[in-house]
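# here is a sequence with its predicted model. Questions after.
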Amino acid sequence: MTNVAPGDFVQVTVNSLPPGSKKNYIDLGWNNKFYRAEVGKTVAVPFEAMANHFGDPRSGATAQALRYGGPDSEPSYVATRESEVARLRLRYGILNGAEGGFTDADDNTMVPDVTVTTLDGEEIPTVLSNPEGAATSNLIGAGQTNQDLMARMQAQIDFLQGQVANMGGTESNPTTIPVDDSGAPVEPTPDSGFIDEPPNDES
């Protein structure tokens, strides 16, 4: 299964925007932070920002409560695929056309064409590209061990440090994952890549 979960970073590439779009980017917002994804470019964004704009790829026929840190961890609630499609239709202002998809009455695509992958390059089908949810059963696993979580978090930190280096920054002291008394990883809060203030225009 694809090893990605809430709190992780994923890579988003905007391939194209719907006809009539007045800009060449999407501002992906989550938790009062905005990540600008320009057409033809790839940007790392939190899983939640991706799911907010392109749909939660974990969604399926029934609602779920997934636990990623063991049976005592806080659950991550996931809506049904049908609910996610309806939410996204409202987000993108689709008021007619087939109810289970993202085209208007004239069969014009009304949503961006995006590619989402893990930091390792494994593609994650989005709700926009897969409204029927055919591939969700093999997407994202829960119940990971502390070692799994630490390895995933360290991979993200390494990826973000690489991005800083590519932008001309320096990193003289590589970051390591902090753990609590039980050995469980403490979630980092990376702040790179976001726009400090929400944009004035709608995404």
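Nice, thanks for sending it over.

# for stretch 38-55, which positions count as buried?
39, 43-55 (16 or more other CB atoms under 10 Å). Just so you know, the C-beta spots here come from the backbone N, C-alpha and C atoms, and that holds for glycine as well.

# tell me the one of the residues you listed nearest residue 97?
Comparing those against residue 97 with CB to CB places residue 55 closest, at 16.8 Å.

# can you give me the end-to-end distance of stretch 34-51?
Using CA to CA, to the nearest Å, the gap from the first to the last residue of stretch 34-51 comes to 14 Å.

# and that stretch, average pLDDT?
For stretch 34-51, the mean pLDDT works out to 95.

# return the member of the buried residues of stretch 38-55 nearest to residue 61.
For those, the residue nearest residue 61 by CB to CB is residue 55; the value is 14.7 Å.

# can you pull the contacts of that closest one?
84-85, 87-88, 126-128 (CB atoms under 8 Å, 6 or more residues apart in numbering).

# any chance of JSON lines for those, columns neighbour count and pLDDT?
Output for those, formatted as JSON lines (neighbours: other CB atoms under 10 Å; pLDDT from 0 to 100):
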{"residue": "84", "neighbour count": "24", "pLDDT": "94"}
{"residue": "85", "neighbour count": "22", "pLDDT": "94"}
{"residue": "87", "neighbour count": "16", "pLDDT": "95"}
{"residue": "88", "neighbour count": "22", "pLDDT": "95"}
{"residue": "126", "neighbour count": "23", "pLDDT": "92"}
{"residue": "127", "neighbour count": "23", "pLDDT": "94"}
{"residue": "128", "neighbour count": "22", "pLDDT": "95"}
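
# these two touch, right, residue 11 and residue 119?
Yes - Residue 11 is within contact range of residue 119, at 6.4 Å (criterion: CB atoms under 8 Å).

# returning to that earlier point: just put the buried residues of stretch 38-55 in CSV and tack on secondary structure and distance to residue 26.
Output for these, formatted as CSV (DSSP: H, G, I helix; E, B strand; the rest coil; distance: CB to CB, whole Å):
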residue, secondary structure, distance to residue 26
39, strand, 9
43, strand, 10
44, strand, 14
45, strand, 10
46, strand, 14
47, helix, 16
48, helix, 15
49, helix, 10
50, helix, 11
51, helix, 14
52, helix, 11
53, helix, 7
54, helix, 9
55, coil, 14
